[in-house]
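A.B. asks: Any chance you could fold what I've pasted below:
(one chain, ligands or ions: 1)
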Amino acid sequence: MQRNDQNKRGTNLRCIIIGAGMAGVLAAIRLKQRGNDNFVIYEKGDSIGGTWRENTYPGLSCDTPAHSYCYSFALNPDWSAYFAPGREIKAYFESVARRYGLYEHIVFGAEMASCTWSGNDWQVRTRDGRTDQGQVLVAATGVLHHPLIPELPGLRSFARPWFHSAHWDHSVPLDGKRIGVIGSGSTGVQLVSALARRASRLVHFQRSPQWIMPCPDITYTDEDKRRFGEDPARIQEVRDGPEAAARRARFTSAIIDVDSPELAEIQQIVEKNLEESIKDPLLRDKLRPTYRAACKRLVFSARFYDAVQQPAVYIEDTPIAGIEPTGVRMQNGEFHELDVLALATGFKVDQFTRPMKVYGQAGIDLDALWAARPRAYYAVTVPGFPNMCLLNGPTGPVGNFSLVDIAEHQWNYFDQLLDLLRDGECCGFAPTMAALEDYEARREIAAKRTVFASGCRSWYLDDRGIPQVWPWSWQHFVDVMSLPQLGDYDLVSPSTPSCGRSGQADHTGSIT
Ligand code: NAP
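C.D. replies: Residues are numbered from 1 along each chain as shown. As a prediction, the model looks like this:
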């Protein structure tokens, strides 16, 4: 499709964007860059940043190289480190939003309650009763934002401060305290690395150990930043240079083929890291996973193995029996008295747009379509939900990729579909159910062959144990996103009676 905005009939489409995190800000800027400033962003929080607003726990950083974790059109020479701290990433998104004049488009403190397709446009309502309407709905609602509070017996009886990693209580003192951290995913590893030298005792409750990928621990000097600023090609080198491209290709080859030499190489690296970094053989045994490297999301850390060998740190791998008012009881009867308990237990990952209600053509409820599990055609669009885009929706690429990069490709795909509206070729588009079924059937076959299905528990797996992921190469993702197949879409013709006029929809599906 050609990008020629001249002679377009409706370039200034009214767009409703939900969420002012990384993806919502991206969609807004991309619209503006096409001369489309008729949009509004509804944000439930009081500032932008999404996951980087919600997560503020000690040690929070992004384990994707910072120069890759930013928009392609807003490179940032000022990152303080190869893996930037969370607060810096939030500040980056805020500064980009400011630079592109987005603040005047954002309604803060506005949690979207419902979005209803009227037959012609999307009619939306916030929890506090505001209403709006637009031809286009962009659900940039994020993936990992509903904390998973585990069903641990007695958890709520704990009489001292406890909280989930995504709701960190910064009023609680940590220095010199007895701290418990439950969970050993990316979050738990970062928390333990940050707290090991601050706690008088730090008990890491580890249900499953993690393979740890060694990585550079690089901070950028003022001189480095100056050079990045003067020569953006240096930044491009980190993002897309031959080394970065080769790393990405190696990683995708590894995750999509359990028999690949690339996966064998990753396995070798993480095993060597464990053997060479951990001196005590008993501790080494505790930290050695029984599943294959990269089966769970691969954790990158330059500090974790040093942290767990600090005198204050104890790895507890006996199963938890329950939580008591002053600490955690293990199944072998041992008891750990604690001053603070942090839950790094992950997120409910099947939420996406939920709890917001979304009603599509003929009043179909997205919750009904997603009763078994969330599905979207190529992770972006949904049958029966015209002109609706999910950014970082179900089955998008996971693993150690930049979600910014992923969202940019997804937006590029959706933006080409928006051209159908801009050109007046249709007033609505949605993928056919047959296209979704075909995509899912092919995807599931491939997903079962990925390393994610090689025998471990992780948030990538759906209720059937099938990885809910993009199971093909990165290049295939880029290729698919580069050109929508219009044959897979139902188009609402501009000649249909409802096209071009607003309707009112109720939630039973009748359109008046
Ligand atoms: P996670 O990967 O889902 O890990 C949750 C941890 O909690 C696991 O170790 C799990 O054990 C444990 N757990 C859950 N329920 C438990 C229970 N009842 N008893 C004991 N242990 C329990 O969550 P996460 O670490 O928050 O990471 C989620 C995702 O967020 C990451 O995979 C990543 O995509 C993203 N993230 C990214 C970064 C980054 O630097 N880019 C940083 C943090 C998070 P099992 O393994 O045994 O299930």
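A.B. asks: Can you tell me whether I have it right that V192 is in a strand?
C.D. replies: No: using DSSP: H, G, I helix; E, B strand; the rest coil, the assignment for V192 is helix, not a strand.
A.B. asks: can you pull the contacts of it?
C.D. replies: Residues near V192 by Cβ atoms under 8 Å, 6 or more residues apart in numbering: G59, V181, S184, L202, H204, F304, A307, V308, V313. Heads up, the C-betas are built off the backbone N, CA and C, glycines and all.
A.B. asks: how about the biggest helix by length in the chain: buried residues?
C.D. replies: Among all segments of the chain classified by DSSP state H, the helix with the greatest residue count is helix 403-422. For helix 403-422, the neighbour count (16 or more other Cβ atoms under 10 Å) marks 403-411, 413-422 as buried.
A.B. asks: What about the nearest residue to G346 once chain neighbours are set aside, how many residues nearby?
C.D. replies: Excluding the flanking residues, the one nearest G346 by Cβ to Cβ, 6 or more residues apart in numbering is L148, at 4.9 Å. When neighbours are defined as other Cβ atoms under 10 Å, L148 has 16 of them.
A.B. asks: Kindly report the same for Q485.
C.D. replies: Q485: 11 neighbours (other Cβ under 10 Å).
A.B. asks: How about the one 3 residues further on?
C.D. replies: A total of 17 residues lie near D488 under the criterion other Cβ under 10 Å.
A.B. asks: I'd say it and F429 touch.
C.D. replies: No: counting by Cβ atoms under 8 Å, D488 does not reach F429; the two are 10.1 Å apart.
A.B. asks: ok now do whatever residue of the stretch 101-250 of the chain ends up closest to the ligand, which residues does it touch?
C.D. replies: As assessed by Cβ to the nearest ligand atom, the ligand sits closest to G185 within the stretch 101-250 of the chain, at 2.3 Å. G185 makes contacts with Q210, K296, R297, V299, A344, G346, W459, as judged by Cβ under 8 Å, 6+ apart.
A.B. asks: near the ligand at all, the longest helix of the chain?
C.D. replies: No: against the ligand, helix 403-422 shows no contacts by Cβ under 6 Å from any ligand atom, the least distance being 8.5 Å.
A.B. asks: Please state the offset of that helix from the chain centre?
C.D. replies: On the basis of Cα atoms, centre = their mean, to the nearest Å, helix 403-422 sits 17 Å off its chain's mean C-alpha point.
A.B. asks: So which elements touch it?
C.D. replies: helix 22-33, strand 136-139, strand 388-390, strand 428-431, helix 474-482 (3 or more Cβ pairs under 8 Å, 6 or more residues apart in numbering; DSSP states H and E).
A.B. asks: Up against the ligand, what does the stretch 251-400 of the chain have?
C.D. replies: Checking the stretch 251-400 of the chain against the ligand by Cβ under 6 Å from any ligand atom, the hits are R297, I320, A344, T345, G346.
A.B. asks: how about a markdown table for the residues you listed, with secondary structure added?
C.D. replies: Below are those laid out as a markdown table (three-state DSSP):
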| residue | secondary structure |
| --- | --- |
| R297 | coil |
| I320 | strand |
| A344 | coil |
| T345 | coil |
| G346 | coil |
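A.B. asks: Up against the ligand, what does the stretch 1-150 of the chain have?
C.D. replies: Contact residues, the stretch 1-150 of the chain versus the ligand (Cβ under 6 Å from any ligand atom): S61, C62, D63, T64, L144, P150.
A.B. asks: any idea how far stretch 115-134 is from the chain center?
C.D. replies: Worked out by Cα atoms, centre = their mean, stretch 115-134 lies 25 Å from the chain centre.
A.B. asks: What of stretch 225-239?
C.D. replies: With Cα atoms, centre = their mean, you get 26 Å for stretch 225-239.
A.B. asks: how long is it end to end?
C.D. replies: 15 Å (Cα to Cα, to the nearest Å).
A.B. asks: Surely F414 and N387 touch.
C.D. replies: No: using Cβ under 8 Å, F414 makes no contact with N387, being 9.3 Å away.
A.B. asks: check contacts around the residue nearest to G176 when sequence neighbours are not counted.
C.D. replies: Setting aside the residues directly before and after it, G176 is nearest to S200 in space (Cβ to Cβ, 6+ apart), at 4.9 Å. Residues near S200 by Cβ under 8 Å, 6+ apart: G176, K177, R178, A312.
A.B. asks: one step back: which of the residues of the stretch 251-400 of the chain next to the ligand sits closest to the ligand?
C.D. replies: For those, with the ligand as the reference and Cβ to the nearest ligand atom as the criterion, the closest is G346, at 2.6 Å.
A.B. asks: burial of that closest one, as a residue count?
C.D. replies: Per other Cβ under 10 Å, the neighbour tally for G346 reads 20.
A.B. asks: how close does it sit to S95?
C.D. replies: With distances taken as Cβ to Cβ, to the nearest Å, G346 is found 30 Å from S95.
A.B. asks: now K357
C.D. replies: From K357 to S95 the distance is 34 Å (Cβ to Cβ).
A.B. asks: Could you tell me how far the helix or strand where D224 lies lies from the centre of the chain?
C.D. replies: Using DSSP states H and E, D224 sits in helix 222-230. How far helix 222-230 lies from its chain's middle: 30 Å, per Cα atoms, centre = their mean.
A.B. asks: any idea which helix or strand comes after it?
C.D. replies: Next helix or strand after helix 222-230 toward the C-terminus (DSSP H and E): helix 232-240.
A.B. asks: Could you list the buried residues of that next one?
C.D. replies: Applying 16+ other Cβ under 10 Å to helix 232-240 flags R234, I235, V238, R239 as buried.
A.B. asks: Just name the closest of the contacts of S200 to G393, please.
C.D. replies: K177 (40.1 Å; Cβ to Cβ).
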